[in-house]
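Enquirer: sequence? don't have it. structure:
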């Protein structure tokens with residue numbers, strides 16, 4: 001931002017003087033302009049300084065700050081799936097399938113005789129929007145194709161890494177040095193692959209030289225097989241000689257929260273439900289891999305944090321009024337909450 005340096009500001013101010021005042025060094029005019037230019041430059045400098053540090057920089061400035069530590073932003077990736085295609089015999093190239101407005105480019109393929117062929121399809125737009133559900137791809141841009149569908153969900157589409165996630169990953173790298181294949185090193189390697197959200201490493205659980213790497217994918221979801229494979233292949237190229245590495249997905253444990261609550265006049269079931277779902281999703285993401293206990297009292301406290309709630313008559317986690325205990329390789333995933341409300345007059 002050299003245009004806001006002291007010299008640049010001073011020169012612009014001098015150029016805008018319309019009188020014949022003497023602007024040379026040491027004159028009254030020059031002294032006053034320099035004093036003002038210096039203060040303006042200091043104001044701009046206060047805005048620039050935070051952009052030099054990982055903890056406070058944003059956008060391209062954050063990319064630059066992270067690059068000093070060898071950390072680069074993970075770019076968006078494209079989802080892919082396998083589609084079944086039925087059509088006239090022949091060679092096909094450049095065929096596009098559609099799930100609504102989301103386009104998938106099919107590999108070149110050949111239809112011989114009667115029957116369906118299976119073809120890999122890659123979303124033409126990178127990002128999570130390409131992770132369409134099974135059966136979503138139903139149209140193709142060729143009149144010779146009579147039917148197209150994807151029997152399984154499309155997977156592997158991830159958005160470009162956000163500033164907050166990149167910053168957290170860089171700070172982890174700085175604060176927990178990854179060296180010589182220590183636990184921090186395996187976490188760093190796994191998180192360099194787009195789509196990895198959280199990592200937990202278990203050393204020596206299968207014997208000497210063994211390392212188990214357990215993954216949670218973006219949006220607090222189990223890691224799909226394609227992501228597990230990508231991480232395993234990358235770690236295999238980085239690990240110390242002799243290490244026996246096993247990469248797996250963490251197991252998602254569904255969390256069904258039910259509660260009957262008393263609310264102030266004017267508050268509705270939908271208001272409480274929406275807020276509790278938001279709080280519960282955040283709770284599950286924040287506690288994943290950090291705690292193996294889904295606290296009953298913690299969940300009740302979340303219900304009390306919802307708008308208008310004055311009391312909780314009863315609350316259950318998966319049908320029980322007690323905490324839920326997970327294993328070290330499990331993490332909680334919130335199902336849609338079930339709330340019943342009773343309005344309390346004059347509450």
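Expert: Right, received. Where do you want to start? All of these numbers come straight from a predicted model, not from anything done at the bench. Numbers count the residues shown, from 1 in each chain.
Enquirer: grab the most central residue of the protein for me.
Expert: Most central in the chain under CA atoms, centre = their mean is residue 218, positioned 4.8 Å from the mean C-alpha point.
Enquirer: can you list the low-confidence ranges for the stretch 1-150 of the chain?
Expert: 1-2 (pLDDT under 70).
Enquirer: which stretches of it form helices?
Expert: Taking DSSP state H, counting those that start in this stretch as the criterion, the stretch 1-150 of the chain contains helices spanning 6-15, 28-48, 59-67.
Enquirer: show me the contacts for the nearest residue in space to residue 139 that is not next to it in sequence.
Expert: Sequence neighbours aside, residue 98 is the residue nearest to residue 139 in space, at 4.4 Å (criterion: CB to CB, 6 or more residues apart in numbering). For every residue, glycine as well, the C-beta is placed using N, CA and C. Residues in contact with residue 98, defined by CB atoms under 8 Å, 6 or more residues apart in numbering, are 104, 137, 138, 139, 140, 141.
Enquirer: show me which of those are buried.
Expert: Buried by 16 or more other CB atoms under 10 Å: 104, 137, 140, out of these.
Enquirer: the helices of the stretch 1-150 of the chain: which one's closest to residue 92?
Expert: Residue 92 lies closest to helix 59-67 among the helices of the stretch 1-150 of the chain, at 40.7 Å (CB to CB).
Enquirer: who touches that closest one?
Expert: 51, 52, 53, 54, 57, 72, 73, 163, 166, 167, 170.
Enquirer: in ChimeraX, select just the buried ones from those.
Expert: Here is the ChimeraX command that selects the buried residues among the contacts of helix 59-67 (16+ other CB under 10 Å):
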select :51,54,57,73,166,167,170
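Enquirer: and which of the contacts of helix 59-67 is nearest residue 266?
Expert: Residue 266 lies nearest to residue 163 out of the contacts of helix 59-67, by CB to CB, at 38.1 Å.
Enquirer: show me the contacts for residue 138.
Expert: By CB under 8 Å, 6+ apart, the contact set of residue 138 is 98, 99, 148, 149.
Enquirer: what are the bridge partners for the third one, then?
Expert: In other words, residue 148. In this entry, residue 148 is beta-bridged to residue 85, by DSSP bridges.
Enquirer: can you pull the contacts of residue 174?
Expert: Contacts of residue 174 by CB under 8 Å, 6+ apart are 54, 69.
Enquirer: that one: what secondary structure?
Expert: Per DSSP: H, G, I helix; E, B strand; the rest coil, the secondary structure class of residue 174 is helix.
Enquirer: what do you get for residue 277?
Expert: Criterion first, three-state DSSP; result for residue 277: helix.
Enquirer: domain parsing for the protein?
Expert: Here the domain assignment for the chain is 2-52, 80-149, 179-249, 253-344, based on automatic domain parsing.
Enquirer: and the strands in the stretch 201-347 of the chain?
Expert: In the stretch 201-347 of the chain, the strands defined using DSSP state E, counting those that start in this stretch lie at 210-217, 221-222, 244-249, 251-255, 257-264, 293-294, 309-317, 324-325, 330-334, 338-344.
Enquirer: lowest-confidence stretch among these?
Expert: Per-stretch mean pLDDT for the strands of the stretch 201-347 of the chain is lowest at strand 338-344 (a mean of 90).
Enquirer: what about residue 112, how many residues nearby?
Expert: 9 (other CB atoms under 10 Å).
Enquirer: for residue 39, that is, sorry about that
Expert: 11.
Enquirer: same deal with residue 330?
Expert: Neighbourhood size, residue 330 [other CB under 10 Å]: 17.
Enquirer: residues in contact with it?
Expert: When contacts are counted by CB under 8 Å, 6+ apart, residue 330 touches 250, 251, 252, 253, 292.
Enquirer: and it, how close does it get to residue 293?
Expert: 11 Å (CB to CB, to the nearest Å).
Enquirer: residue 82: what's its closest spatial neighbour, skipping adjacent residues?
Expert: That would be residue 118: by CB to CB, 6+ apart, it lies 5.3 Å from residue 82.
Enquirer: next one: residue 215
Expert: Nearest non-adjacent residue to residue 215 (CB to CB, 6+ apart): residue 223, at 4.0 Å.
Enquirer: PyMOL command to pick out the buried ones of the contacts of residue 330?
Expert: Here is the PyMOL command that selects the buried residues among the contacts of residue 330 (16+ other CB under 10 Å):
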select buried, resi 250+252+253
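Enquirer: tally of neighbours for residue 272?
Expert: The local packing of residue 272 (other CB under 10 Å) involves 22 other residues.
Enquirer: hmm, it is touching residue 307, no?
Expert: Yes - Residue 272 lies in contact with residue 307 (CB atoms under 8 Å); the separation is 6.9 Å.
Enquirer: tell me the contacts of residue 107?
Expert: Applying CB under 8 Å, 6+ apart to residue 107 gives the contacts 119, 120, 121.
Enquirer: top of those residues by neighbour count?
Expert: Busiest of those [other CB under 10 Å] is residue 121, holding 27 neighbours.
Enquirer: contacting residues around it?
Expert: Counting by CB under 8 Å, 6+ apart, residue 121 touches 80, 81, 82, 83, 97, 104, 105, 106, 107, 137, 150, 154.
Enquirer: list the beta-bridge partners for the spatially closest residue to it that is not a sequence neighbour.
Expert: In space, and not counting its chain neighbours, residue 121 is closest to residue 104: 4.0 Å by CB to CB, 6+ apart. Taking DSSP bridges as the rule, residue 104 bridges to residue 97, residue 123.
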